[in-house]
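Q: below are the sequence and a predicted model; questions follow.
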Amino acid sequence: MSSATLLSVENLTMRFGGLTAIDDLSVSVPAGKITAIIGPNGAGKTTFFNCLTGFYKPTTGSVRLVHPKKGEMRLETLTGHRVARDAQVVRTFQNIRLFPKMTVLENLIVAQHNFLQEASRFSIAGIFRLPGYRKAEAEALKTAAHWLDRLGLTGIADVAAGDLPYGTQRRIEIARALCVDPVLLCLDEPAAGLNPRESAELNTLLLSLCREEGIAILLIEHDMSVVMNVSDHICVLNYGRKIAEGTPEEIRNDPQVIKAYLGEDDEETASGGIAA
């Protein structure tokens, strides 16, 4: 791939007692592109995300991020909150984790708590409403307003997030993650629970974030209509190991991938394929 490498995962292994969830995985994520991680249930996809974003410390291996402003960072050495705060590697989850009683706007403001906490000087500046904190608060509001507008959410900014349809909540989760100004946006099954129209809208959103905003996206997804239509590069896992890597067209017709998904015999896979 011609793009510079943003994230390099080398020989990553994650064990839980006698269970090996990720087995010697190496994969590169290019800057400004969409990379998908796919595989059957139990393939280790979410465990992989947890290793990248500081929720798990890998048993062995390295995760190197080439930050555009800060240079090389070793993510496997950082705690979870520092991966998001310092490395600007941000994720969403399979299960929606919004604050349901807060408004949409408030959810996006809360996402910027690290920035606001620093400006508050351990609450002193916030309590006394000092100029520096007021400026930071205004910037946080401006950032939230930008992403509300960008994702078509401005009209529901004052509505409680928990009162909105599931597909809209998915979009809010992405907007909240974008408020942290990510260099790498990790989306864990963003199309889960979406209807075909919402999935098509998600495709348009992801492509625009990548092409217009320059944000690199790492995507876990079961919906092949999303994966095949937006991905520049795909890595396929099965039982924690990488079994294939390539373009959507290469992956669609890869016998190993077809076998992993459909359980077909080797001789049957040559004429098959994975539908988009």
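A: Received the coordinates, thanks.
Q: go ahead and confirm G32 touches V183.
A: No. With contact defined as CB atoms under 8 Å, G32 does not reach V183; the gap is 10.1 Å. Where you see a C-beta, it was placed from the backbone N, CA and C, and this is true even at glycine.
Q: what do those two both touch?
A: L6, I215, A216 (CB atoms under 8 Å, 6 or more residues apart in numbering).
Q: pick the one among these closest to P58.
A: Using CB to CB, the shortest approach to P58 within the shared contacts of G32 and V183 belongs to L6, at 18.5 Å.
Q: how near is that closest one to G214?
A: According to CB to CB, to the nearest Å, L6 and G214 sit 11 Å apart.
Q: got it, and D232?
A: 13 Å.
Q: give me the neighbour count for I37.
A: 27 (other CB atoms under 10 Å).
Q: residues contacting it?
A: V27, K45, F48, F49, L218, L219, I220, I234, C235, L237.
Q: so for the helix or strand containing it, mean pLDDT?
A: Per DSSP states H and E, I37 falls inside strand 34-38. Mean pLDDT, computed over strand 34-38, is 97.
Q: from the chain's centroid, how far away is that strand?
A: Using CA atoms, centre = their mean, to the nearest Å, the mean C-alpha position of strand 34-38 is found 10 Å from that of the whole chain.
Q: average pLDDT for whichever helix or strand comes after that strand?
A: Next along the chain after strand 34-38, taking DSSP H and E as the criterion, comes helix 45-52. The pLDDT scores in helix 45-52 average 96.
Q: counting contacts, what elements does helix 45-52 pack onto?
A: strand 5-16, strand 19-30, strand 34-38, strand 89-91, strand 184-188, strand 216-220 (3 or more CB pairs under 8 Å, 6 or more residues apart in numbering; DSSP states H and E).
Q: what sits against the nearest residue to G44 once chain neighbours are set aside?
A: Once flanking residues are discounted, G44 sits nearest to G240: 4.0 Å by CB to CB, 6 or more residues apart in numbering. Residues near G240 by CB under 8 Å, 6+ apart: M14, T20, A21, I22, D23, L25, A43, G44, T47.
Q: want to try TSV for those residues, with neighbour count as columns?
A: Output for the contacts of G240, formatted as TSV (neighbours: other CB atoms under 10 Å):
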residue	neighbour count
M14	22
T20	16
A21	21
I22	27
D23	16
L25	22
A43	23
G44	24
T47	20
